[in-house]
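*Asks:* have a look; sequence and predicted model below, questions after that.
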Amino acid sequence: MKNPFILLTLGAAVLSLAACSTTEPKPARAVAKVQATSGSKVEGDLVFTQKPGGKVVMSTVISGLKPNSEHGFHIHELGNCADNGNAAGGHFNPKQGQHGKYDAPMHHMGDLPSLKADSNGVAKLNMESSDLTLLAGPGNIIGRAVIVHANPDDYVTQPTGNAGGRIGCGVIVRDEQ
């Protein structure tokens, strides 16, 4: 007669393996640590999460801004913060579109909503984008830089929105969790 304990143990092992094979993979994530440039005190963290269906969710907290101020905020083409963020190049724009508001029909992929600091100089921003991706493709933002600008983005002036100098910069890297 077969040992019932062995049969139960084998059954549990098979169920465990089956459960592992149906587990959903973790969504792709990326992070950026923004650091001050140009003698500013700007710093902060961004987290990007790839959602099923293709959207990327971005969560941002930036501090060290002038209280009650507004700042242009963009993803730039190169992941290089040297030379006070100038080495990051222009706005991320693989479709060669015109600069504009991030949710307008015409805009750079790297155009993001402005950062609006509270009375303590802290800006929080949460948004979703169908343009950006953490997966392969033209909208991939891994290895690019995020830039905090000194002035508000007017969303009109080409190609940069007249947002002024670069006061914060961070490189977007894959988060291995």
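*Replies:* Thanks, I have the structure now.
*Asks:* sec struct for the residue nearest in space to the middle of the chain, please.
*Replies:* Ranked by distance to the mean C-alpha position of the chain (CA atoms, centre = their mean), the top residue is F48 at 4.3 Å. Secondary structure assignment for F48 (DSSP: H, G, I helix; E, B strand; the rest coil): strand.
*Asks:* tell me the contacts of it?
*Replies:* By CB atoms under 8 Å, 6 or more residues apart in numbering, the contact list for F48 reads 29-32, 56-58, 132, 134, 141, 172. All C-beta atoms are positioned from the backbone trio N, CA, C, and that covers glycine.
*Asks:* residues contacting the nearest residue to it once chain neighbours are set aside?
*Replies:* Excluding its sequence neighbours, the residue lying closest to F48 (CB to CB, 6 or more residues apart in numbering) is A30, at 4.3 Å. Counting by CB under 8 Å, 6+ apart, A30 touches 47-48, 134, 141-142, 172-175.
*Asks:* mind redoing it with 10 Å?
*Replies:* 46-50, 56, 58, 132, 134, 140-144, 171-175 (CB atoms under 10 Å, 6 or more residues apart in numbering).
*Asks:* so the residue nearest to the centre of the chain bridges to which residues?
*Replies:* Per DSSP bridges, the residues bridged to F48 are A30, M58.
*Asks:* relative to K66, how far out is it?
*Replies:* 26 Å (CB to CB, to the nearest Å).
*Asks:* in a helix, that's where G85 is, yeah?
*Replies:* Yes: assessed by three-state DSSP, G85 belongs to a helix.
*Asks:* now for it, how many residues are close by?
*Replies:* 26 (other CB atoms under 10 Å).
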